[in-house]
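Colleague: no letters, just coordinates:
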């Protein structure tokens, strides 16, 4: 399988380099750090000498531009300034007293770059640590609270669009990803014809859903609002990881909270929207997009794995990816999505 990235971008990123990068911007670790779960970037929880605990993220090379990363940071800090519980990104400046200062440069207010001879450069940011547990989505009060939180976030997101980050569309999240997978021979030959045909039909159905249900304008979104990015405390929810923030329809930040059969999802959605509309008006035509968005995510997820196959972490994490069984399962899932998109949307519109 030919992939876009055969490099090992984090091979030279040792714990010592992580601590050196932080020391160069005046954040001195006490030697303790924990690598957090993240395939796309490398993320560490670091304990500082002054008693604080921060989270530092080292960005995968060639994925986002500097401008896109800084726009994500600005959105997070805009939300935090409006008292929406999102971890703010800390401002960074070089500490000339650090012996590592000459190896680091700042890029904007919140992004820095560590230059390592022989290993390239690592862009990184630092955020406040947010702890918590997974929310209990079977509880209606929790769902309504999440709806209020997302509504508050979208009210800020709707004030202006992203200028540099991606915009969610059938073309960018579906057709382009399908074409990339086919062009690079990622699907086993025996399964490719069925996958290609069902993907064509699924994307046509998704495009029809967008023609009928897309809102007149896209807003700034979290973009990857699944339960792994929601932390819950006694004070309520907060979101982490805005790495996939995009311009798009509000439904993108709602549908991943739903599970079960249609009746269960309808009840859950009604509860979420009860909270959401306390802060942000919802365009109910967008309900036509719910299964279309799920369809795009299925295709995009396969392309994401394929693009990262050269990273040694990915074959270990997804050992079944190159098997015919995986692609047969994707064909079945997309066939089911065509049936789901043919059903009346949740809410009956």
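Modeller: Thanks, I have the structure now. This one's a predicted model, so the numbers in the text were calculated from it and none came from an experiment. Numbering: from 1, shown residues only.
Colleague: tell me the buried residues in the helix-or-strand element of the chain with minimal mean pLDDT?
Modeller: The helix or strand with the lowest mean pLDDT-type score in the chain, counting by mean pLDDT, DSSP states H and E, is strand 236-239 (a mean of 85). When neighbours are counted by 16 or more other CB atoms under 10 Å, the buried residues of strand 236-239 are found to be 237-239. Using the backbone N, CA and C atoms, a C-beta is placed for each residue, glycine as well.
Colleague: the strand or helix carrying residue 112 pairs with which strands?
Modeller: Secondary structure assigned from DSSP states H and E places residue 112 in strand 111-116. Take DSSP bridges as the rule and strand 111-116 pairs in its sheet with strand 104-107 (antiparallel), strand 120-128 (antiparallel).
Colleague: list the buried ones in it?
Modeller: By neighbour count with 16+ other CB under 10 Å, strand 111-116 contains the buried residues 111-114.
Colleague: off-centre distance for it?
Modeller: Once both centres are worked out by CA atoms, centre = their mean, to the nearest Å, strand 111-116 turns out to sit 23 Å from its chain's centre.
Colleague: give me the average confidence score over it.
Modeller: If you average the pLDDT over strand 111-116, you get 95.
Colleague: which other residues reach that strand?
Modeller: Strand 111-116 is contacted by residues 12, 17, 20-21, 24-25, 66, 69-70, 73, 92, 103-107, 121-125 when judged by CB atoms under 8 Å, 6 or more residues apart in numbering.
Colleague: then stretch 322-333?
Modeller: Outside of stretch 322-333, the residues within contact range by CB under 8 Å, 6+ apart are 1, 187-188, 190-192, 194-195, 198, 298, 302, 320.
Colleague: got the domain ranges for the chain?
Modeller: With domains defined by automatic domain parsing, the chain comprises 15-128, 140-342.
Colleague: those: which one's closest to residue 8?
Modeller: Ranking the domains of the chain by distance to residue 8, with CB to CB as the measure, places domain 140-342 first at 6.1 Å.
Colleague: span of that closest one from start to end?
Modeller: Counting by CA to CA, to the nearest Å, you get 28 Å between the two ends of domain 140-342.
Colleague: related to what we said a few turns ago, beyond the least confident helix or strand of the chain, next helix or strand please.
Modeller: Using DSSP H and E, the helix or strand that follows strand 236-239 in sequence is strand 246-248.
Colleague: right, and the helix or strand after that following strand?
Modeller: helix 262-276.
Colleague: list the buried residues in that following helix.
Modeller: Judged by neighbour count using 16+ other CB under 10 Å, the buried positions of helix 262-276 are 265-266, 268-269, 271-273, 275-276.
Colleague: possible to save these as TSV with distance to residue 174 and pLDDT?
Modeller: Below are the buried residues of helix 262-276 laid out as TSV (distance: CB to CB, whole Å; pLDDT from 0 to 100):
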residue	distance to residue 174	pLDDT
265	22	93
266	25	94
268	25	95
269	23	95
271	29	96
272	25	96
273	26	97
275	30	97
276	26	97
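Colleague: closest one of those to residue 144?
Modeller: When the buried residues of helix 262-276 are compared for distance to residue 144, the smallest value, 3.9 Å, is given by residue 275; criterion: CB to CB.
Colleague: how near is that closest one to residue 154?
Modeller: 12 Å (CB to CB, to the nearest Å).
Colleague: show the pLDDT at the closest residue to residue 109 other than its chain neighbours.
Modeller: The spatially closest residue to residue 109, leaving aside those adjacent along the chain, is residue 91, at 5.1 Å (CB to CB, 6 or more residues apart in numbering). Per-residue pLDDT puts residue 91 at 97.
Colleague: again, but for residue 229
Modeller: 88.
Colleague: contact partners for it?
Modeller: Residues near residue 229 by CB under 8 Å, 6+ apart: 222, 239-241.
Colleague: quick one: which of the residues you listed is nearest to residue 145?
Modeller: Distance to residue 145, by CB to CB, is smallest for residue 239 among these, at 12.6 Å.
Colleague: residue contacts, the closest one?
Modeller: Taking CB under 8 Å, 6+ apart, we find residue 239 in contact with 85-86, 149, 153, 222, 225, 229-231.
Colleague: again, only this time at 10 Å
Modeller: Neighbouring residues of residue 239 by CB atoms under 10 Å, 6 or more residues apart in numbering: 76, 79, 84-87, 130, 146, 149-150, 153, 222, 224-225, 229-231, 253.
Colleague: circling back: need the winner for burial among the strands paired with strand 111-116.
Modeller: Ranked by average neighbour count under the criterion mean count of other CB atoms under 10 Å, those are headed by strand 120-128 at a mean of 19.
Colleague: what's the first helix or strand after that one?
Modeller: Past strand 120-128, further along toward the C-terminus, the next helix or strand under DSSP H and E is helix 140-157.
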